[in-house]
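1. The following comprises the amino acid sequence and a computationally predicted model.
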Amino acid sequence: MTAYAQYFKNLQLLPEPQSLSELQERLELIKGHTIEDLAAAISQPLPPASAAGKGYCGELIELYLGASSGNLAQPDFPTLGIELKTMPIDRHFEPLQTTFVCHAALRGVRGETFEDSVLYHKLRLTLYVFILSEKQLPLPKRRVIDYCLQPLQGEDLQIIKTDYEELMELIAAGQAQSITARMGTYLQMRPKAADGRQLTECIDADGKVSFTRPRGFYLRRSYNQHICALVAPRHQLPLDVPL
């Protein structure tokens with residue numbers, strides 16, 4: 001039995017990787033394979049349509065790599081301190097969307113520093129897995145292209161920290177409802193809920209409890225383009241898109 005086949009056979013039993021080398025071994029095993037390949041190898045049913053598969057690719061990659069945190073406010077690989085983000089790209093290695101990071105606290109934020117935030121602990125070391133996901137490409141044919149382990153440091157760190165602090169200052173001042181997705185250079189805050197009826201508590205400008213839609217932190221496409229540019233030179237562009 002090949003290492004690839006043996007890996008799939010034991011997939012359901014895989015614990016969280018305990019070292020970077022172990023994580024990289026798993027990444028190399030899935031690189032180049034389609035979502036159809038990965039789903040079939042562990043008898044996972046595919047969604048009936050690509051539109052119904054939002055989040056499916058990310059969940060499948062989490063399963064293969066042994067990400068263990070689920071929806072907890074900590075990195076996906078807590079032992080390694082690594083967050084996992086799947087990034088849909090087109091044939092030119094350009095990101096197709098923003099990236100959700102975590103939910104934003106809308107109460108009790110006074111005194112919290114960026115370094116203490118869930119956002120920072122999620123982003124300080126991030127594993128990006130790039131998936132060729134052009135709109136005309138059916139979900140089964142979407143393919144794992146590459147990956148990149150990127151620490152948050154230097155100018156990127158300063159820009160995201162500034163974005164975060166400016167947004168949190170507005171929340172602390174009771175201005176959460178004035179925040180729009182246009183704010184922020186690399187980091188934006190926008191509604192994050194199943195539907196518009198879901199509400200959460202916030203503090204208004206008078207210091208009273210009010211209600212608004214839950215918010216989430218997202219990395220803008222401009223930041224995602226920056227990450228893609230680190231990896232694109234490894235590949236001959238445009239990428240092959242099998243239809």
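-> Arrived safely. Numbering: from 1, shown residues only.
2. Please enumerate the helices of this protein.
-> For the chain, the helices identified by DSSP state H occupy 3-9, 20-30, 35-41, 56-65, 118-123, 154-172, 221-231, in order along the chain.
3. Out of these, indicate the one that is most buried.
-> Sort the helices of the chain by mean neighbour count, taking mean count of other Cβ atoms under 10 Å, and helix 118-123 sits at the top with a mean of 21. Any C-beta I mention is one placed from the backbone N, CA and C, and that applies to glycine too.
4. Name the residues that touch that helix?
-> 73-75, 83, 101-102, 105, 114, 152, 160-161, 164, 187, 217 (Cβ atoms under 8 Å, 6 or more residues apart in numbering).
5. hmm, 7 Å instead?
-> By Cβ atoms under 7 Å, 6 or more residues apart in numbering, the residues outside helix 118-123 that reach it are A73, Q74, P75, E83, V101, C102, F114, L152, I160, Y164, F217.
6. lowest-pLDDT helix or strand in the protein?
-> Comparing every helix and strand of the chain by mean pLDDT, DSSP states H and E singles out helix 3-9 as the least confident one, with a mean of 51.
7. what's the closest of the helices of the chain to S133?
-> Closest approach to S133 among the helices of the chain is made by helix 56-65 (7.3 Å; Cβ to Cβ).
8. In the chain, where is pLDDT below threshold?
-> 1-13, 50-54, 69-72, 108, 194-196, 201-202, 206, 243 (pLDDT under 70).
9. how much space is there between the residue nearest the centre of it and L139?
-> Residue closest to the average C-alpha location in the chain (Cα atoms, centre = their mean): K85, at 3.2 Å. According to Cβ to Cβ, to the nearest Å, K85 stands 19 Å off from L139.
10. burial count for F93?
-> F93: 21 surrounding residues under other Cβ atoms under 10 Å.
11. Excluding chain neighbours, give the residue nearest to it in space.
-> If the residues on either side of it in the chain are set aside, F93 comes closest to A232, at 3.8 Å by Cβ to Cβ, 6 or more residues apart in numbering.
12. for R124, same thing?
-> Here the nearest residue to R124 in space, its sequence neighbours aside, is L152; by Cβ to Cβ, 6+ apart that works out to 5.0 Å.
13. repeat for Q198
-> Residue nearest to Q198 in three dimensions, not counting chain neighbours: P214, with 6.2 Å by Cβ to Cβ, 6+ apart.
14. Contacts only, for the residue found closest to R234 once you drop the neighbours it is linked to in the chain.
-> Take R234 and drop its neighbours on the chain: the residue closest to it by Cβ to Cβ, 6+ apart is D146, 6.6 Å away. Listed by Cβ under 7 Å, 6+ apart, the contact partners of D146 are K31, F130, V231, R234.
15. Swap in 8 Å and give it another go.
-> When contacts are counted by Cβ under 8 Å, 6+ apart, D146 touches K31, V129, F130, V231, R234, H235.
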